[in-house]
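Q: just a sequence and a predicted model for now, questions to come.
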Amino acid sequence: MITTVTDAHRTIDAVWKLESARIVAALTRMVHDVGLAEELAQDALVAALEQWPATGVPDNPGAWLTAVAKRRAVDHIRRSRRLEERHGRLARELEHPPEAEQDDLLRLMFVSCHPVLPTDARVALTLRLLGGLTAAEIARAFLTAEPVIARRIAAAKRTLAEERIPFDLPAADELAGRLSSVLEVIYLIFNEGYAATSGDDLMRPSLCHEALRLGRLMAVLAPREAEVHGLVALMEIQASRSAARTGPSGEPVRLHEQNRGRWDRLLIRRGFTAMLRAREAGGPPGPYLLQAAIAVCHAQAATAEDTDWAQIATLYEALVRLLPTPVVRLNRAVAVGMAHGPAAGLALVDELGGDPRMQDYHLLPGVRGDLLLRLGRSAEARQEFERAAALAGNAAEQQFLRRRAEAIADPGPSGTTLGPAAEAFLARTDLDAPTLRSYGQTLRRLRRTLGDGARLDELTAERVAAVFATAWGTAAANTWNRHRAAVRSFGAWSGTPGLADGLDRRTVSRTPAAPIPGPQLAALWERPGAALRERTLWLLLHESGAAVGAALALDVQDLDLPGRRAGTGGTALSWGEGTARLLEALLAGRTAGPVFLADRRPGPARTPAAADLCPQTGRSRLSYERAEYLFKQATRQLDPDGGGYTLRRLRPRA
């Protein structure tokens with residue numbers, strides 16, 4: 001019996017987490033609006049909070065909440081005078097048979113993970129509607145501000161309503177793609193819990209547990225889909241290692257060094273059972289089933305030495321054919337290195353060095369350091385571990401990688417290295433702020449790719465040219481030439497004038513960029529899911545006609561918001577009412593620092609100049625390259641050529 005209001009609220013919270021997804025799913029079927037459905041469900045929750053402390057918890061609390069919520073739904077429909085001819089049928093929804101609940105949950109899963117939503121919105125909405133988590137709980141799990149999560153959820157609901165996404169199961173011809181989107185969201189949630197990309201801790205168990213719950217639920221809802229069972233098997237077996245993955249101080253423990261006696265045998269058995277269900281479902285193996293088979297190979301080995309690396313390498317070969325992403329190819333390199341020797345693995349790793357998607361991925365130099373160490377090339381391995389530590393966003397991984405670097409004997413002084421030289425170069429007082437900012441962007445990329453420990457006397461023009469090809473190979477001529485000039489200036493200052501010898505100056509086209517055609521521009525403004533920062537920048541560029549660099553260089557203190565104008569570096573900008581509204585929301589009370597901020601705080605190895613840091617958030621100025629990349633990605637489907645538009649094409653025709 002509940003004795004206090006606090007006890008009642010704890011019980012209600014537990015019941016809500018268990019029942020909210022079913023309630024929202026049932027209401028969405030009735031009102032065809034996921035946002036309205038959640039509001040009605042919240043009304044029922046409020047009723048429980050008001051009544052249960054006094055009357056006690058009902059014998060069937062889930063049914064009580066569902067009945068109240070459905071009555072609210074019927075009342076809403078009647079009040080709004082919509083679908084009057086359906087009143088009688090909708091009223092009978094109160095007695096809706098329970099066997100339909102499974103289909104409703106499956107529909108809600110597909111709606112929450114609909115491809116019309118950006119990935120981060122799909123994750124947040126799924127945890128909100130199917131996990132019953134509050135915006136604050138989701139924000140804590142992802143180390144994100146609560147208002148950010150709340151905005152994502154609100155924008156996702158608005159997009160689903162505007163796009164009129166039906167509360168239906170996908171048609172047979174689109175089921176595979178829609179199911180893939182659902183499984184991707186579940187696995188993203190699991191991975192963020194299993195190997196956190198930021199923060200101090202290696203793992204966030206609450207996210208792992210939530211992903212497992214969603215995966216098991218999906219397996220019940222779609223029992224004949226082999227990939228669903230494959231994903232469940234993969235997560236169960238990976239989760240079984242959780243207790244052995246960290247040491248006494250929270251440091252990572254590599255797979256081959258883990259105490260396998262601490263692996264959870266129950267989760268392993270559940271994973272094996274899910275694999276049997278996947279095989280019973282039939283069909284060719286998909287990506288999750290192949291990854292689960294790899295996990296099974298590890299789980300079946302009594303010791304690390306017993307691992308069948310040849311079989312794992314074969315499975316990765318099959319996985320690469322289905323899913324040729326650079327991360328999968330990197331994992332294949334690890335397996336090949338274990339099965340056929342470090343030289344074979346290193347050759348595959350080096351093939352990935354020119355992939356732009358991997359230039360900031362800390363596991364690439366981490367794996368390369370492992371292979372170099374096994375080949376006896378310890379000095380190179382140390383540099384790779386140092387570079388991996390600088391790229392890692394998770395504090396536990398950073399410390400682990402630094403310790404690995406420090407465990408390798410330091411060869412001692414060996415001349416000037418890139419990191420200290422770059423810092424000294426940027427500490428000069430004879431350069432103005434815009435030039436330092438531009439040079440800083442170039443040198444930051446060189447340091448991240450080559451490592452702070454790279455010796456200047458060993459830094460060749462070929463290595464610099466390889467960095468340029470990866471980072472700026474498709475950039476506009478002006479951007480390429482700007483970075484080339486920075487390297488030439490740094491080389492002349494540091495006594496290594498040949499660094500830019502492999503970089504030819506590109507011819508700058510003097511033809512003005514044609515504005516984006518009217519129909520495509522209208523479609524851009526109506527595009528759902530674009531982040532507030534991007535929408536503000538795009539509309540500012542269009543309304544002001546300003547150069548991209550001038551807009552990105554804006555600081556909050558440059559703005560005259562009432563007058564809708566700003567001045568920076570001798571350039572005056574003005575904008576219209578649309579930009580004014582977005583700017584006010586974007587700034588959210590900030591009084592200093594860059595207007596347009598990067599997504600995350602900079603790591604310790606890439607601290608920008610003070611003028612490029614927001615004193616309130618600690619985040620740095622959004623880079624031209626990142627802004628251009630995001631715009632191209634957003635406009636690929638609008639561009640008839642399929643390449644996406646450049647930001648300068650937002651300027652209206654003079």
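A: Received the coordinates, thanks. Computed from a prediction, not measured in an experiment: that's the story for all the values here.
Q: in which helix or strand would I find Ala572?
A: Using DSSP states H and E, Ala572 sits within strand 571-574.
Q: point out where the chain drops to low pLDDT.
A: Applying pLDDT under 70 to the chain flags the ranges 1-5, 77-102, 140-143, 196-202, 411-414, 510, 528-529, 568-570, 603-607, 653-654.
Q: contacting residues for Ser112?
A: Shown in contact with Ser112 (C-beta atoms under 8 Å, 6 or more residues apart in numbering): 34, 122, 125-126, 129-130, 185. Any C-beta I mention is one placed from the backbone N, CA and C, and that applies to glycine too.
Q: ditto for Arg533
A: Taking C-beta under 8 Å, 6+ apart, we find Arg533 in contact with 586, 596-597, 622.
Q: contacting residues around the residue nearest in space to the middle of the chain?
A: In the chain, the centroid-proximal residue (C-alpha atoms, centre = their mean) is Asp120; its distance is 6.5 Å. Contacts for Asp120 (C-beta under 8 Å, 6+ apart) come out as Arg152.
Q: what's the first helix or strand after the host helix or strand of it?
A: When elements are assigned from DSSP H and E, Asp120 belongs to helix 119-129. The element immediately downstream of helix 119-129 (helix or strand, assigned by DSSP H and E) is helix 135-141.
Q: identify the residues contacting that next one?
A: Under the contact criterion C-beta under 8 Å, 6+ apart, helix 135-141 has outside partners 124, 127-128, 133, 144-146, 148-150, 153, 192-193, 204, 206-207.
Q: packing partners of the helix or strand harbouring Glu192?
A: If you go by DSSP H and E, Glu192 is part of helix 175-194. Counting contacts by 3 or more C-beta pairs under 8 Å, 6 or more residues apart in numbering; DSSP states H and E, helix 175-194 is packed against helix 101-112, helix 119-129, helix 205-221, helix 226-239.
Q: now Ala154. Nearest residue, chain neighbours left out?
A: Distance criterion C-beta to C-beta, 6 or more residues apart in numbering; nearest residue to Ala154, sequence neighbours excluded, is Gly35 at 8.0 Å.
Q: give the buried residues for the helix or strand that contains the one you found.
A: Gly35 is part of helix 34-55, with elements assigned from DSSP H and E. Within helix 34-55, the residues scored as buried using 16 or more other C-beta atoms under 10 Å are 34-45, 47-48, 52-53.
Q: with just CA atoms, put the following helix or strand past the strand holding Ala572 into CSV.
A: Later in the chain than strand 571-574, the nearest helix or strand by DSSP H and E is helix 577-587. Only the C-alpha atoms of helix 577-587 are listed here, as CSV (Å, rounded to 0.1, in the frame of the first residue of the first chain):
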residue,chain,number,x,y,z
GLU,A,577,12.3,40.1,-40.4
GLY,A,578,12.8,36.3,-41.0
THR,A,579,16.5,36.4,-40.0
ALA,A,580,15.7,38.7,-37.0
ARG,A,581,13.3,36.1,-35.5
LEU,A,582,15.8,33.3,-36.0
LEU,A,583,18.7,35.3,-34.6
GLU,A,584,16.8,36.0,-31.4
ALA,A,585,16.1,32.3,-30.9
LEU,A,586,19.7,31.3,-31.9
LEU,A,587,21.4,33.7,-29.4
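Q: could you point out the helix or strand that follows helix 577-587?
A: helix 624-635.
Q: what sits against Ala295?
A: Contacts for Ala295 (C-beta under 8 Å, 6+ apart) come out as 233-234, 237-238, 271.
Q: what does Asp452 give?
A: Applying C-beta under 8 Å, 6+ apart, the residues near Asp452 are 386-387, 390, 417-420, 422, 605.
Q: among these, which ones are buried?
A: Buried among the contacts of Asp452 by 16+ other C-beta under 10 Å: 386-387, 390, 417-419, 422, 605.
Q: sitting in helices, which of those residues do you find?
A: 386-387, 390, 418-419, 422 (DSSP state H).
Q: re earlier: buried residues, the helix holding Asp120. List them.
A: For helix 119-129, by 16+ other C-beta under 10 Å, it's 120-129.
Q: same check, this time on stretch 15-31
A: Quick answer for stretch 15-31 (16+ other C-beta under 10 Å): 15-16, 19-31.
Q: ok, longest helix in the protein?
A: Taking DSSP H as the criterion, the chain has its longest helix at helix 5-31.
Q: return the distance of that one from the chain's centre.
A: A distance of 29 Å separates the C-alpha centroid of helix 5-31 from that of its chain, computed with C-alpha atoms, centre = their mean, to the nearest Å.
Q: what packs against it?
A: Where contact means 3+ C-beta pairs under 8 Å, 6+ apart, helix 5-31 is packed against helix 34-55, helix 61-80, helix 101-112, helix 119-129.
Q: so who does Gly473 touch?
A: Gly473 touches Pro356, counting by C-beta under 8 Å, 6+ apart.
Q: re the thing from before, need the buried ones among the contacts of Asp452 in TSV (columns: distance to Val508).
A: Formatted as TSV, these follow (distance: C-beta to C-beta, whole Å):
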residue	distance to Val508
Glu386	37
Arg387	33
Ala390	34
Thr417	34
Leu418	29
Gly419	32
Ala422	27
Ala605	33
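Q: wait, which of those is closest to Phe167?
A: Ala390 (47.1 Å; C-beta to C-beta).
Q: measure the closest one to Thr449 for me?
A: From Ala390 across to Thr449, the span is 11 Å (C-beta to C-beta, to the nearest Å).
Q: you'd agree Glu380 is up against Leu371?
A: No. Between Glu380 and Leu371 there is no contact under C-beta atoms under 8 Å: 10.0 Å.
Q: hmm, back to that, could you export the helix holding Asp120 as CSV, CA atoms only?
A: Provided in CSV are the C-alpha atoms of helix 119-129 (Å, rounded to 0.1, in the frame of the first residue of the first chain):
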residue,chain,number,x,y,z
THR,A,119,19.0,11.2,-37.1
ASP,A,120,19.3,13.1,-33.9
ALA,A,121,15.6,13.9,-33.9
ARG,A,122,14.7,10.2,-34.5
VAL,A,123,16.8,9.2,-31.5
ALA,A,124,15.3,11.8,-29.2
LEU,A,125,11.7,11.2,-30.3
THR,A,126,12.1,7.4,-30.0
LEU,A,127,13.5,7.7,-26.4
ARG,A,128,10.6,10.1,-25.6
LEU,A,129,7.7,8.2,-27.0
